[in-house]
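Novice: Take a look and give me a structure for this.
(chains A and B)
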Amino acid sequence: MSGYGVVIPAFNASTTIAETLQSVAAQTVRAELVVIVDDGSTDDLASAIVGADLPVKLLRQDNAGPGSATTRGIAALSTPFVATLDADDLWLPTKIEAQLAYLERSPQTAGVFTHQRNFRHDQPDLPDPPATPGWSRTTMVIRREVTEAVGPIVDPPGGRGEMIDWIARVREAGFALDMLDEVLALRRIRPGSLSYGRDAARDRGYLEVVRAAMLRRAQNRQGSG
Amino acid sequence: MPQANVYAVASKDIVFESFDGEAVVLDLASGKYFGFSDSGSRVWQALCSGVGAQALAGSIAGAAATGATGLDAFIAQLVELGLLVPSDGTAQPLPDELAAELAAANEPLNVSVHDDLADLIIVDPIHEVEEPLGWPAVKQAS
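Specialist: Purely as a prediction, here's the structure:
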């Protein structure tokens, strides 16, 4: 039994989500269910997903962050495997097939990620975009029982970095996470951001995430000492 | 002797925040993060707001298990870790509140280096991109 479901948290993603869903529909192994969690969008997400050739379930919540929305979506799945995806990124067609095959070959592996490349929104791609290890929502396929054991994906107060925090907690709980060398996902980039300065939300979130990691370490020391 | 009196945060990749008085510093380029003892947190806070090392050395003399030699070594370590660089700026006075907190500190100067999240943090292509459209800061951020 290797069925999988997909969770896509979406906030004001109506311009990109149709293309994202096409990449899910194009998978060589079909998803049993795609749960889209509308995280308090102010655009017309429902219209944007009409016509997707997929079994789609749309949930809505007040804006609470991508981690919260992802957690909600995972809870709505009952498939043995959970794949997650940002509402503006794309999968390559054999992504899920490769990951499910890997997990079947490797029963001790809790979840598997893939390399990814960036692509530029509405612009030609850079000549040779580098492949990077995608420790991210878009590349993750994980066994559902692991998500239950580790608990919710928590949005750091005022910032981003919820997947870093969650992946760290998965590792700390003793679950093995692996990385495929193959590029099987594409991450959408909007060029020109440097001129707009730093991303305070990301910095703030990452600091919260590393602070939480230090607190957990201190607690574990206390617990064991 | 310290190499310089005034220091500045080494680059825009070095971000930091004080959580209940405890400094947390993150190097976005390497993905390493740094935790501080209570005295170390106050010294970090003072140095990155331009307080001179000499003024600090005077205030820190009474603090637990620290002295001028310890301060020099601590600053050298922060420079070596790539967190601070010597600056030719004007030394700022040590604020009274920070001086009092420093005097009340009871741990020796210390910084700890952690790289367990580095592979997760550095894959984010920080310099080329902005966040994908759709996930601005969660509303309560501001």
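Novice: Only C-alpha atoms from now on, for both contacts and neighbour counts.
Specialist: Fine.
Novice: Dig out what the nearest residue to residue A:182 once chain neighbours are set aside forms beta bridges with.
Specialist: Once flanking residues are discounted, residue A:182 sits nearest to residue A:115: 5.7 Å by Cα to Cα, 6 or more residues apart in numbering or on different chains. Beta-bridge pairing of residue A:115 under DSSP bridges involves residue A:133, residue A:183.
Novice: Would you agree residue A:115 is in contact with residue A:179?
Specialist: Yes. Using Cα atoms under 8 Å, residue A:115 makes contact with residue A:179 at a distance of 7.3 Å.
Novice: Same drill for those two, tell me which one is more crowded.
Specialist: Neighbour count, other Cα atoms under 10 Å in any protein chain shown: between residue A:115 and residue A:179, residue A:115 has more, with 20 against 16.
Novice: I'd like to know how far the more buried one sits from residue A:22.
Specialist: 20 Å (Cα to Cα, to the nearest Å).
Novice: residue contacts, residue 29?
Specialist: Looking at chain A here, since you left the chain open. Counting by Cα atoms under 8 Å, 6 or more residues apart in numbering or on different chains, residue A:29 makes contact with A:94, A:96, A:97.
Novice: my bad, chain B
Specialist: Taking Cα under 8 Å, 6+ apart, one finds B:13, B:122 in contact with residue B:29.
Novice: Look up how far residue B:45 lies from it.
Specialist: 21 Å.
Novice: Repeat that for residue A:39.
Specialist: 37 Å.
Novice: With residue A:131 instead?
Specialist: Counting by Cα to Cα, the gap from residue A:131 to residue B:45 is 38 Å.
Novice: Could you do residue B:30 as well?
Specialist: From residue B:30 to residue B:45 the distance is 21 Å (Cα to Cα).
Novice: try residue A:159
Specialist: According to Cα to Cα, residue A:159 and residue B:45 sit 22 Å apart.
Novice: quick one: pLDDT of the residue in chain A that chain B sits nearest to?
Specialist: Nearest to chain B in chain A, going by Cα to the nearest Cα, is residue A:158, at a distance of 3.8 Å. Looking at residue A:158, its pLDDT stands at 74.
Novice: right, and it touches residue A:201 too?
Specialist: Yes. Using Cα under 8 Å, residue A:158 is in contact with residue A:201, at 6.3 Å.
Novice: thinking again about what came up before, which one of residue B:30 and residue B:45 is surrounded by more residues?
Specialist: residue B:45 (19 against 16).
Novice: ok, for that one, nearest residue in space, not its chain neighbours?
Specialist: Closest residue to residue B:45 apart from its sequence neighbours, by Cα to Cα, 6+ apart: residue B:23 at 7.4 Å.
Novice: how about the least confident helix or strand in chain B by mean pLDDT: buried residues?
Specialist: Lowest mean confidence among the helices and strands of chain B (mean pLDDT, DSSP states H and E): helix B:53-60, at a mean of 85. The neighbour-count check on helix B:53-60 (16 or more other Cα atoms under 10 Å in any protein chain shown) flags B:53, B:54, B:55, B:56, B:57, B:59, B:60 as buried.
Novice: Then stretch A:143-152?
Specialist: In stretch A:143-152, counting by 16+ other Cα under 10 Å, buried: A:143, A:144, A:146, A:147, A:150, A:152.
Novice: Please apply the same query to stretch A:94-107.
Specialist: A:95, A:96, A:98, A:99, A:100, A:102, A:103.
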